[in-house]
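please find the sequence and the predicted model below.
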Amino acid sequence: MALTVGLRPLTRALLRPWARVPGAALGRPAAGSGDGVRCFGSPRVLVEPDPAAVGVAVMKMRNPPVNSLSLEFLTELLISLEKLENDKTFRGIIITSDCPGIFSAGLDLLEMYGRDPAHCAEYWKAVQELWLRVYLSNLVVIGAINGISPAGGCLLSLSCDYRVLANNPKYAIGLNETLLGIIAPFWFKDVLVNTIGHRAAERALQLGFLFPPSDALQVGIVDQVVPEDQVQSTARSVMAQWLAIPDHARQLTKNLVRKPTADRLLQQRDADIQNFVRFISRDSIQKSLHVYLEKLKQKKG
Ligand SMILES: CCCCCCCCCCCC/C=C/CC(=O)SCCNC(=O)CCNC(=O)[C@H](O)C(C)(C)COP(=O)(O)OP(=O)(O)OC[C@H]1O[C@@H](n2cnc3c(N)ncnc32)[C@H](O)[C@@H]1OP(=O)(O)O
């Protein structure tokens, strides 16, 4: 039976079909242009132009305590990314965190636990949308990963064009869904397989590996590991290298490489939402989430 996905006005305004082709005309006015200071403020997403690099924006996630991807946070991220995408003065974004020690704790478990099917459907649609937005962005997207990034946080990192991870043993990265008693959806899995290969992904996904920096570099889930105080400067240097390539050639090539993976979701978005809602609504899955949330609470003592 088809689910009725009732979207709230803000989310509805934001979420629209994906048909972006690199180089295609973008239909919205340039956000923030004309005032000389392009700064797309929102409560949880700080976006400012990089003072040291023309055409580069730094996007800082600040949804304390752990940058969990709640529906509101996802919506703000989407709005900021759309503004940047539509502002032709920007060619690249560095995504980083404003929460010390945490890049992102992944999807907000409270959006999936004890919620009704309509809410879960709306939430999952926003998760899909953020992934598509980042994964298919025409901009160069560099992840300056300055904290731990499990599950959805790892997917966000994997969707960047390049990942720089701070060398701190606490900053583990990986798709750890099985540790929560849930599973990574096929498009999370596809992105991991594309990045680290089939066999490594098979092990990592089943065992819910969270790779510390040295292992993360070795398996290829990140591209570079650098001292913590050099993450931002390294991301800037890498950005300069990527921006040296003509945009149209880079964008078309990115699309060539990434479109087949994105299309697998685009061709079955509604079915994916229905599968998610059915799965997450199961008693056994809700029980697993409850146990995991309790463990997080108890950890505090
Ligand atoms: C055949 C069937 C087919 C079906 C197909 C459908 C497939 C669909 C399947 C479903 C897929 C769902 C995918 C989910 C992906 C995810 O992203 S799940 C989230 C995974 N995240 C985590 O495991 C991280 C959990 N958090 C932590 O490990 C720690 O919090 C931390 C290491 C990030 C930080 O530690 P610390 O600094 O010590 O802070 P804490 O005290 O632990 O946390 C502070 C505060 O935040 C709350 N919190 C932490 N993480 C989350 C989160 N992800 N969501 C919501 N809330 C979170 C934590 O409970 C604390 O809250 P309180 O202060 O106690 O209120």
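Nice, I can see it.

and stretch 104-119, does that touch the ligand?
Yes: shown here: stretch 104-119 in contact with the ligand (CB under 6 Å from any ligand atom) through A105, G106, L107, D108, L109, L110. Any C-beta I mention is one placed from the backbone N, CA and C, and that applies to glycine too.

what's around the second one, how many residues?
By that I understand G106. By other CB atoms under 10 Å, the residues close to G106 number 23.

my guess is it contacts G147, does it?
No: applying CB atoms under 8 Å, one finds G106 not in contact with G147, separated by 11.9 Å.

pull out the buried positions in the host helix or strand of S288.
S288 belongs to helix 283-299 when assigned by DSSP states H and E. By 16 or more other CB atoms under 10 Å, the buried positions in helix 283-299 come out as I285, S288, L289, Y292.

now the last one: how far from the ligand?
So that's Y292. Look at Y292 and the ligand: by CB to the nearest ligand atom, to the nearest Å, they are 7 Å apart.

what's the pLDDT at the closest residue to T178 other than its chain neighbours?
Nearest residue to T178, sequence neighbours excluded (CB to CB, 6 or more residues apart in numbering): G208, at 4.1 Å. Looking at G208, its pLDDT is 98.

next, count neighbours for G208.
Neighbour count of G208, defined by other CB under 10 Å: 18.

ok, now F279?
15.

follow-up on the earlier one: narrow the residues of stretch 104-119 next to the ligand to those that are buried.
Buried members of these, scored by 16+ other CB under 10 Å, are A105, G106, L107, D108, L109.

the third one and A151 touch, don't they?
Think L107. Yes: with contact defined as CB under 8 Å, L107 reaches A151; the gap is 6.4 Å.

distance of the most centrally placed residue in the chain relative to the ligand?
The structure's the chain has its C-alpha centroid closest to L156; by CA atoms, centre = their mean the separation is 2.3 Å. L156 sits 9 Å away from the ligand, going by CB to the nearest ligand atom.

contact partners for that residue?
Shown in contact with L156 (CB atoms under 8 Å, 6 or more residues apart in numbering): L69, I95, F103, S104, L130, V134, G143, S149.

check which helix or strand it maps to.
Going by DSSP H and E, L156 is in helix 152-158.

for that helix, give the mean pLDDT please.
Averaged across helix 152-158, pLDDT comes to 98.

cool, and stretch 58-73?
Here stretch 58-73 scores 98 as its mean pLDDT.
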